[in-house]
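Undergrad: Sequence first, then the predicted structure:
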Amino acid sequence: MKIKKIFLFLILYSSIFTANTAEVNKILVKIDNELITSYDVKNKIITALLLAKKEINQKNINDLKRKSLEDLIQNRLKKIELKKYNLAKDSARINSYLNSISSNNITDLESLFKKNNADFRIFVEDIDLEFKWRLLIYNMYSKKIEIDQDNLNKQVSRIMQNQNSSVKYNLSEIEILSNNDDLDSEKIFLVKNEIKNSSFEDAVVKFSISPSANNMGLLGWVNSESMSNEILRALNKLKIGQISNPIKKQNKIVFLKLNDKKMSNYDNTNVDELKAELIEQKKNELFILYSSSLLSKLRNTKFIEYYK
């Protein structure tokens, strides 16, 4: 059954957008009663290219077929799970996010979507879905995501005492799934090839499964005290603008780009700022961990049917 599904999956990838634009909208994937159509995939691709400010041409469309379909499968799995809960739409937060990505001009952003035949309504629905999913993860794993205040205070004290050696790194990432088999080498090759022949940002759009992909892979400033020794060793080999070798991280493979770095500069007047940064970093790490775990569980319990 698994071989058959993989075979259909490969056929599916090759069939998306091979016909002309007048092609009838086709069902590609069904999960429970949720459908993914050729229109959904095309709309997802155009939306990704618009947000990344990339040219909408056939090459870029072809490059994003696989990732867009995978993103939509995750989207539908989240939607199915969220139906069990009555989570309210946070319109204020959605508008705040739209303002942040449109330089406070949502009308122009909506016009850009319309001009390029992308569905702005679906884009807003997806934002709503992601906010609800984040809330669900926090609610389900609240005890595990709680920050240990004693450990937090110790970390703050350590940073304050070692400011001469404590560094903040501004990072971007590409995160891909690891199969722990020969496919890993192929995936790594494809990512490296995209970075070499195009750019790190293009590789983010095409391959990264991390939530940071919605922001071109940008993680922002991360304190060295919150990083593993393996990641620190990798970063300390880089100059500004360089990209790390692939780093294995649980069931993921990560590429890190060093955008900037600076010495930590905290004193007694901005300890609260430091605490807020550390809490946000830790919460994001845990959210990604538990979100991936729940999605894997859903994927294993749902029948995903692929259509030719």
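TA: That came in fine, so what should we check first?
Undergrad: those strands in the stretch 1-150 of the chain, which residues are they?
TA: All strands of the stretch 1-150 of the chain, identified by DSSP state E, counting those that start in this stretch, fall at 27-31, 34-37.
Undergrad: now these in a markdown table, with distance to Ser210, mean pLDDT and mean neighbour count?
TA: Just so you know, the C-beta spots here come from the backbone N, C-alpha and C atoms, and that holds for glycine as well. Shown next, in a markdown table, are the strands of the stretch 1-150 of the chain (distance: least, CB to CB, whole Å; pLDDT from 0 to 100; neighbours: other CB atoms under 10 Å):
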| stretch | distance to Ser210 | mean pLDDT | mean neighbour count |
| --- | --- | --- | --- |
| strand 27-31 | 22 | 96 | 19 |
| strand 34-37 | 21 | 96 | 17 |
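Undergrad: Adding distance to Ile106 as columns, could you present these in CSV?
TA: Converted to CSV, the strands of the stretch 1-150 of the chain look like this (distance: least, CB to CB, whole Å):
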stretch, distance to Ile106
strand 27-31, 31
strand 34-37, 27
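Undergrad: Among the ones you listed, which comes closest to Phe303?
TA: Of all the strands of the stretch 1-150 of the chain, it is strand 27-31 that lies closest to Phe303, at 7.4 Å by CB to CB.
Undergrad: just checking, what packs against the closest one?
TA: The helices and strands touching strand 27-31, judged by 3 or more CB pairs under 8 Å, 6 or more residues apart in numbering; DSSP states H and E, are strand 34-37, helix 38-51, helix 65-82, strand 304-306.
Undergrad: Low-confidence stretches in this structure?
TA: Applying pLDDT under 70 to the chain flags the ranges 1-24, 162-165, 182-183, 266-269.
Undergrad: If we use 80, what do you get?
TA: Low-confidence segments of the chain, defined by pLDDT under 80: 1-24, 146, 158-166, 179-183, 211, 214-215, 225-226, 250-251, 264-270, 308.
Undergrad: max-length helix in it?
TA: Secondary structure assigned by DSSP state H gives helix 271-301 as the longest helix of the chain.
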